[in-house]
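*Asks:* Give me the fold of what follows.
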Amino acid sequence: VKKVLKKLEASNDVFDIIYKRKFIDKEKVSEIAKGVHYTREYTYELISQIRAKIKGIQDIEREKYKK
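*Replies:* From the prediction side, this is the model:
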């Protein structure tokens with residue numbers, strides 16, 4: 001887990017930055033938006049995309065264990 005966190009902290013990918021700040025650091029969207037220099041609305045849109053990716057991964061994992 002520590003390796004993954006270090007990788008997230010070192011990443012320049014906006015999805016990684018937002019993921020870490022929202023889901024790990026539990027920052028408010030307005031603070032994240034200021035930090036990444038996007039509007040709050042666009043930041044919410046990116047968070048929605050991240051949640052969709054997470055849901056897709058969870059669905060794949062659930063299917064593996066159903067068999």
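
*Asks:* Strands of this structure, residue ranges please.
*Replies:* Counting by DSSP state E, one finds no strands in the chain.

*Asks:* Low-confidence stretches in it?
*Replies:* Counting by pLDDT under 70, the ranges of the chain that qualify are 67.

*Asks:* Which stretches in it count as helices?
*Replies:* For the chain, the helices defined by DSSP state H occupy 2-10, 14-19, 29-36, 40-66.

*Asks:* Now do the buried residues in the third one.
*Replies:* Which is helix 29-36. Val29, Ile32, Ala33 (16 or more other C-beta atoms under 10 Å). C-beta coordinates here come from the backbone N, C-alpha and C atoms, glycine included.

*Asks:* Identify the residues contacting it?
*Replies:* With contact meaning C-beta atoms under 8 Å, 6 or more residues apart in numbering, helix 29-36 is reached by Val14, Ile17, Ile18, Arg21, Lys22, Glu27, Thr39, Arg40, Tyr42, Thr43, Tyr44, Ile47.

*Asks:* which among the residues you listed end up buried?
*Replies:* Ile17, Ile18, Arg21, Lys22, Glu27, Thr43, Ile47.

*Asks:* Same list (the residues you listed) but as CSV, adding distance to Val1.
*Replies:* Output for the buried ones among the contacts of helix 29-36, formatted as CSV (distance: C-beta to C-beta, whole Å):
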residue, distance to Val1
Ile17, 18
Ile18, 19
Arg21, 17
Lys22, 18
Glu27, 20
Thr43, 25
Ile47, 22
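
*Asks:* Pick the one among the residues you listed closest to Glu9.
*Replies:* Distance to Glu9 across these (C-beta to C-beta) is lowest for Ile17, with 9.2 Å.

*Asks:* show me the contacts for the closest one.
*Replies:* Residues near Ile17 by C-beta under 8 Å, 6+ apart: Ser11, Gly35, Val36.

*Asks:* Columns distance to Arg51 on top of those residues, output as TSV?
*Replies:* Listed next are these as TSV, based on distance: C-beta to C-beta, whole Å:
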residue	distance to Arg51
Ser11	18
Gly35	19
Val36	17
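
*Asks:* wait, isn't Ile50 in contact with Phe15?
*Replies:* Yes - look at Ile50 against Phe15 with C-beta atoms under 8 Å: they come within range, at 6.0 Å.
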